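>>> Need a 3D model of the sequence below.
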Amino acid sequence: MSESFETRCRTLVEDLGLCGAADVVSVRPLTGGVASDIGVVDLGDRQICVKFALEKLKVREEWRAPLRRNRAEYAWLAFAASVAPRSVPRLYGRSERENGFAMEFLPPDQVYNWKQALLRAEPPAGEAAAVGGVIGRIHAASTEPAFDRTGFENSDDFHALRIDPYLLFTAGRHAAVSPQLRSLADGLAATDRVLIHGDVSPKNILMRTGHPVILDAECATMGDPCFDIAFCLNHLVLKAVHLPEMAAVLHTEIKDFWTAYQPHVSWEDHGALEARVCALLPALMLARVDGKSPVEYLSDTARDHVRLLSLSLIESPTKTLPDFLGRVDNGVEA
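Numbers count the residues shown, from 1 in each chain. Predicted coordinates for the structure are as follows:
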């Protein structure tokens, strides 16, 4: 832990009136994220979590993003709390000067991480349906006339964090499907239909008493709801490749996510949304093996399989998730 990080944490909690800088008992950094510095601050009577955005992300490729995304993340958490209060951590305030915020610390003995449960091949406990339902509620609430878009017009940040590293960078590595990937990027950039989280990944979801607690909303923006759906389902597809003995179960989880999400779609035809999800999914699959942020758990053989499968589905996309899963089950054949 650097001296500067501890100093920033002490300054932040004092700025927020949580305690004096000198009264902080300890600061413990948390690891695992690539986009932010996060730590647990012991205030004596309680522990809290603090978060500061990084300008240069901790990945091998050059990847930078605006620090102001910390503000958008806090705003997303605050809005989500108004819709699904059990599905976000309690917030303790944000400092514009320090470009950081404080929130509830969730002790490991009270929660479990969805990604880790998936990688341990644990039997599902309704996580996908719970997440799909919550994301659907938040999306729907952001289409209501009273919703205030202020603070969520973050298309430039979304481009830097998602469109460029996932779609455009990958397009540069795969000339054969570059037109399709660039078309998907253009479509995402041109859509501001709902408030999206932008990083609905199992690693960012803690389960507490059956309810998902969704973290890491740094990519929050007005955008296309298909992104949140496809981004989450992509992780289930990849883990099904990684754990073939769990493939059938995880494919059912994908269907359960959509079944829980779909009833909340009131702003457009849900069939059109499902088709966009199916078009985006293989692009994100390819990005997680050849983009700027590849998943760490796939073997070389599994990566080759995902690459071939993705290219096939990008060139000939399906319109429904059952058809998509059928293609996945059958390999690379159209």
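
>>> Is residue 92 in a helix, a strand, or coil?
Secondary structure, DSSP: H, G, I helix; E, B strand; the rest coil: residue 92 is strand.

>>> I'd say it and residue 102 touch.
Yes - the criterion here is CB atoms under 8 Å, and residue 92 meets it with residue 102 at 4.1 Å. In this view, the C-beta of every residue, glycine as well, is placed from N, C-alpha and C.

>>> Overlap of the contact sets of the two?
Common contact partners of residue 92 and residue 102 (CB atoms under 8 Å, 6 or more residues apart in numbering): 16, 18, 48.

>>> Where neighbours are concerned, which of those has the most?
residue 48 (22 neighbours; other CB atoms under 10 Å).

>>> a strand runs through it, doesn't it?
Yes - when three-state DSSP is applied, residue 48 is found to be in a strand.

>>> What sits closest to residue 235 if chain neighbours are left out?
residue 202 (5.2 Å; CB to CB, 6 or more residues apart in numbering).

>>> May I have the phi/psi pair for the spatially most central residue of the chain?
For the chain, residue 199 is the residue whose C-alpha lies nearest the centre (CA atoms, centre = their mean; 1.5 Å). In terms of degrees, to the nearest 10, the main-chain angles of residue 199 are phi -150, psi 50.

>>> In contact with it, which residues?
216, 217, 218, 219, 231.

>>> now, which of those residues sits nearest residue 281?
residue 231 (9.1 Å; CB to CB).

>>> these two touch, right, the closest one and residue 202?
No - the pair residue 231 / residue 202 is not scored as a contact, 10.5 Å apart, by CB under 8 Å.

>>> Name the nearest residue to residue 39, sequence neighbours excluded.
residue 29 (4.6 Å).

>>> Counting neighbours, what do you get for the one you found?
13.

>>> Report the secondary structure element holding it.
Per DSSP states H and E: residue 29 is located in strand 26-30.

>>> Show the subsequent helix or strand relative to that strand.
strand 36-42.

>>> buried residues in that following strand?
By 16 or more other CB atoms under 10 Å, the buried positions in strand 36-42 come out as 36, 37, 38, 39, 40, 41.

>>> Let me see the contact set for the first one.
The contact partners of residue 36, by CB under 8 Å, 6+ apart, come to 51, 52, 53, 54, 70, 216, 218.

>>> try 7 Å this time
51, 52, 53, 54, 218 (CB atoms under 7 Å, 6 or more residues apart in numbering).

>>> And these, which is the shakiest by pLDDT?
On pLDDT alone, residue 54 ranks lowest of the contacts of residue 36, at 68.

>>> tell me the helices in the stretch 51-200 of the chain, going along the chain?
69-83, 114-119, 127-141, 155-158, 169-173, 178-189 (DSSP state H, counting those that start in this stretch).

>>> Turn those into JSON lines, columns for mean neighbour count, distance to residue 275 and mean pLDDT.
Converted to JSON lines, the helices of the stretch 51-200 of the chain look like this (neighbours: other CB atoms under 10 Å; distance: least, CB to CB, whole Å; pLDDT from 0 to 100):
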{"stretch": "helix 69-83", "mean neighbour count": "21", "distance to residue 275": "26", "mean pLDDT": "93"}
{"stretch": "helix 114-119", "mean neighbour count": "19", "distance to residue 275": "26", "mean pLDDT": "97"}
{"stretch": "helix 127-141", "mean neighbour count": "23", "distance to residue 275": "17", "mean pLDDT": "98"}
{"stretch": "helix 155-158", "mean neighbour count": "19", "distance to residue 275": "21", "mean pLDDT": "90"}
{"stretch": "helix 169-173", "mean neighbour count": "19", "distance to residue 275": "21", "mean pLDDT": "97"}
{"stretch": "helix 178-189", "mean neighbour count": "18", "distance to residue 275": "12", "mean pLDDT": "98"}
